[in-house]
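S.K.: the following comprises the amino acid sequence and a computationally predicted model.
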Amino acid sequence: MNPRYLVIHSFPEGMVAVIRHVVNGLLLAELSGRIPLILWQDRFLYVDALENKRLNRFSRFFEAKSFCDLSGLKSHAKTFAPNGWNLENIERDDLIEYRHSENRPEFQPLTPEQILSCDSDVVVYTHYQHLVEIIPLIPKSSEYYGQSNALIARAIYQKNFSLNPELRSIIQAYREKLPAGQAIVGIHCRGSDKISEHALATPGAYIKALAKRFSGVKHLFLATDSEQAFHFFQRKFSGTIIAIDCQRSSTSLGVHFSAKNREEAGKEFLVDAYLLSYCKWHLGNHGSHMSYLVQAMLKTEGEPYEDFQHIDAPFSAKVERLLKSQVPNAARRLKACLLSCLRGR
């Protein structure tokens with residue numbers, strides 16, 4: 001019997017979204033007995049503008065292992081699903097639309113159920129499938145059966161992801177600068193593009209949480225994509241705050257769009273996340289996925305939430321965010337309804 005494959009393409013979102021997509025794809029590959037192949041190419045955001053987009057960038061961040069070797073697929077594969085894919089275009093993820101594929105039915109993504117029951121030699125996995133949609137399909141014979149989202153994601157991440165030597169060296173150099181033998185609180189304060197998606201906790205909310213739970217802790221590690229938050233914490237905790245030297249944003253434009261060097265921005269993000277995972281306690285951001293990634297990196301037993309506290313936005317900010325997002329939509333719907341009524345008269 002010829003080997004079967006699951007090709008996991010990237011898509012144009014931030015690093016955590018792409019990694020979560022890969023984690024879920026790896027789970028589907030394992031459940032369906034397929035060999036996973038990871039392609040971070042055309043739609044992968046952490047690429048410098050002048051670089052060849054056909055290059056697979058997974059190994060720029062993680063050890064490739066066998067994930068990037070397409071030679072076996074190209075030697076054995078004859079049938080593909082969705083059926084728009086073939087040996088000539090398998091590496092071209094620019095063929096598909098990101099959120100909607102109705103105009104290209106030959107590339108319509110398969111559901112998790114369809115992936116697990118598919119007989120094709122190759123399944124191409126291009127669109128994000130939530131882990132909660134896959135968990136009900138896990139058989140009792142699987143090691144993941146009955147486990148929570150967090151435990152499954154952590155097991156898959158730690159089994160398959162290993163940083164490349166360059167990033168391991170950078171992280172080790174930063175770790176050597178951290179206070180030896182001291183308990184450190186890791187703070188993740190999100191800004192930039194996340195402001196347009198969620199009501200976010202202000203830096204002041206972190207100060208309250210620190211005063212309440214960690215008043216005796218002397219060392220803080222800060223991971224933030226916001227220039228404003230970085231300077232706020234620097235002023236507030238002069239001499240006790242630790243942060244890496246990295247690209248940050250002073251606007252609502254995400255670093256993965258605004259960075260002068262996008263590949264470096266991706267590496268800086270992972271360095272931040274791994275250093276957070278080495279902290280004893282964590283104050284995470286409720287509206288950001290970075291906490292998900294940090295929890296997947298933790299080398300602990302049991303649920304990875306014990307030393308996590310998610311700092312949420314105040315209720316008033318949530319209401320304001322809801323009104324800003326819903327009122328314009330409601331106004332447009334009302335206007336369309338009125339125009340329709342007037343035309344009907």
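M.R.: Everything's here; your move.
S.K.: all strands for the stretch 101-250 of the chain, in order.
M.R.: Per DSSP state E, counting those that start in this stretch, the stretch 101-250 of the chain has strands spanning 122-125, 184-189, 219-224, 241-242. These are given in chain order.
S.K.: adding mean pLDDT, write these out as TSV.
M.R.: Converted to TSV, these look like this (pLDDT from 0 to 100):
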stretch	mean pLDDT
strand 122-125	97
strand 184-189	87
strand 219-224	89
strand 241-242	87
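S.K.: could I get these as JSON lines with mean neighbour count and distance to residue 264?
M.R.: C-beta: built from backbone N, CA, C; applies to glycine. Written out in JSON lines, the entries for the strands of the stretch 101-250 of the chain read as follows (neighbours: other CB atoms under 10 Å; distance: least, CB to CB, whole Å):
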{"stretch": "strand 122-125", "mean neighbour count": "25", "distance to residue 264": "28"}
{"stretch": "strand 184-189", "mean neighbour count": "24", "distance to residue 264": "20"}
{"stretch": "strand 219-224", "mean neighbour count": "23", "distance to residue 264": "16"}
{"stretch": "strand 241-242", "mean neighbour count": "16", "distance to residue 264": "20"}
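S.K.: save the ones you listed as JSON lines, and put in distance to residue 309 too.
M.R.: As requested, the strands of the stretch 101-250 of the chain are arranged in JSON lines below (distance: least, CB to CB, whole Å):
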{"stretch": "strand 122-125", "distance to residue 309": "34"}
{"stretch": "strand 184-189", "distance to residue 309": "10"}
{"stretch": "strand 219-224", "distance to residue 309": "14"}
{"stretch": "strand 241-242", "distance to residue 309": "18"}
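S.K.: and the ones you listed: which comes nearest residue 276?
M.R.: The closest of the strands of the stretch 101-250 of the chain to residue 276 is strand 184-189. By CB to CB, the value is 4.1 Å.
S.K.: what pairs with the closest one, parallel or antiparallel?
M.R.: According to DSSP bridges, strand 184-189 has the following sheet partners: strand 219-224 (parallel), strand 281-285 (parallel).
S.K.: helices of the stretch 1-150 of the chain, residue ranges please.
M.R.: For the stretch 1-150 of the chain, helices defined by DSSP state H, counting those that start in this stretch occupy the ranges 15-32, 71-76, 112-117, 131-134, 149-160.
S.K.: right, and residue 234 touches residue 240 too?
M.R.: No: in this structure residue 234 lies outside contact range of residue 240 using CB atoms under 8 Å: 10.2 Å.
S.K.: make CSV from the strands paired with strand 184-189 and add distance to residue 167 to it.
M.R.: Formatted as CSV, the entries for these read as follows, by distance: least, CB to CB, whole Å:
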stretch, distance to residue 167
strand 219-224, 15
strand 281-285, 21
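S.K.: which one of the ones you listed lies closest to residue 153?
M.R.: Proximity to residue 153, assessed across the strands paired with strand 184-189 by CB to CB, is greatest for strand 281-285 (15.0 Å).
S.K.: so for the closest one, what gets flagged as buried?
M.R.: 281-285 (16 or more other CB atoms under 10 Å).
S.K.: ditto for stretch 128-142
M.R.: Within stretch 128-142, the residues that qualify as buried are 128-129, 131, 134-135, 137-138, counting by 16+ other CB under 10 Å.
S.K.: go on, stretch 264-271?
M.R.: Neighbour-count burial for stretch 264-271, counted by 16+ other CB under 10 Å, picks out 265-271.
S.K.: any chance of CSV for those residues, columns secondary structure and distance to residue 211?
M.R.: Formatted as CSV, these follow (DSSP: H, G, I helix; E, B strand; the rest coil; distance: CB to CB, whole Å):
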residue, secondary structure, distance to residue 211
265, helix, 32
266, helix, 34
267, helix, 34
268, helix, 29
269, helix, 28
270, helix, 30
271, helix, 28
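S.K.: okay if I get those residues as TSV plus pLDDT and distance to residue 222?
M.R.: As requested, the buried residues of stretch 264-271 are exported to TSV (pLDDT from 0 to 100; distance: CB to CB, whole Å):
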residue	pLDDT	distance to residue 222
265	90	17
266	92	19
267	94	18
268	93	13
269	91	14
270	95	16
271	94	13
